[in-house]
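Participant: A predicted structure for the sequence below; I have some questions about it.
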Amino acid sequence: MKLVKKVLLAVLLLFLVAQFFGPDKNQGDLKSIEPFLVETNPPEDVKLILKETCYDCHSDVTRYPWYNKITPVNYWLAGHIKDGKKHFNVSNWVGNSTKKKDHKFEELIEMVEAKSMPLKSYTWTHAEAKLTDAQIQAVVNWAEMVRFKYDLEPKPE
């Protein structure tokens, strides 16, 4: 029994020490999103959807919940954000080719229509991020218009 108590005490001590460490936060500037918004011109309802459901993981601007102060949860969240930005990052929109942007919007449409985005683990704690069928359709309609615009742009030879 003494061994179990020592192990539990060591785990508790390790947990407490770990609270003093954490990953870097994703605290960029809202201005980093502006070029994306200007180029893609979402309607106001879609802008709100993007803000409430996408930017936390797909931009350099994240609104962190209170539980982000708890290690190891903060590392788990940082991993989700890093992965989300790897796939679609609205803060890093400038400089991407039209072909890449079009492909990102193609993926966005697929993920939103399949209800794979936003992630279930995100909507569990962000009820406002659960998209209705009407919101999904609004995002898809906007994304299809953006893709149409990209299709009209001249292609490099």
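Facilitator: Looks like it came in fine. Model, not experiment: these values are computed from the prediction.
Participant: hang on, I70 packs against Q19?
Facilitator: Yes. Counting by CB atoms under 8 Å, I70 touches Q19, with 7.3 Å between them. Every residue, glycine included, has its C-beta placed from N, CA and C.
Participant: and the most centrally placed residue in the chain, what does it touch?
Facilitator: Nearest to the geometric centre of the chain sits C57, at 1.9 Å (CA atoms, centre = their mean). With contact taken as CB atoms under 8 Å, 6 or more residues apart in numbering, C57 is in contact with H80, I81, D83, G84, K85, P118, L119, Y122.
Participant: now tabulate those in JSON lines and tack on neighbour count, distance to M111 and pLDDT.
Facilitator: Below are the contacts of C57 laid out as JSON lines (neighbours: other CB atoms under 10 Å; distance: CB to CB, whole Å; pLDDT from 0 to 100):
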{"residue": "H80", "neighbour count": "16", "distance to M111": "15", "pLDDT": "85"}
{"residue": "I81", "neighbour count": "20", "distance to M111": "17", "pLDDT": "88"}
{"residue": "D83", "neighbour count": "11", "distance to M111": "13", "pLDDT": "89"}
{"residue": "G84", "neighbour count": "22", "distance to M111": "11", "pLDDT": "89"}
{"residue": "K85", "neighbour count": "18", "distance to M111": "15", "pLDDT": "90"}
{"residue": "P118", "neighbour count": "22", "distance to M111": "9", "pLDDT": "90"}
{"residue": "L119", "neighbour count": "16", "distance to M111": "10", "pLDDT": "85"}
{"residue": "Y122", "neighbour count": "18", "distance to M111": "13", "pLDDT": "83"}
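Participant: check which helices and strands the helix ranked longest in the chain sits against.
Facilitator: As assigned by DSSP state H, the longest helix anywhere in the chain is helix 133-152. Secondary-structure packing of helix 133-152 (3 or more CB pairs under 8 Å, 6 or more residues apart in numbering; DSSP states H and E): helix 44-53, helix 98-113.
Participant: buried ones in the longest one, by neighbour count?
Facilitator: Meaning helix 98-113. K101, D102, K104, F105, L108, I109, V112 (16 or more other CB atoms under 10 Å).
Participant: how about the shortest one?
Facilitator: Neighbour-count burial for helix 44-53, with 16+ other CB under 10 Å as criterion, is recorded at V46, I49, L50, K51, E52, T53.
Participant: what's that helix packed up against?
Facilitator: Looks like helix 44-53 contacts helix 133-152 (3+ CB pairs under 8 Å, 6+ apart).
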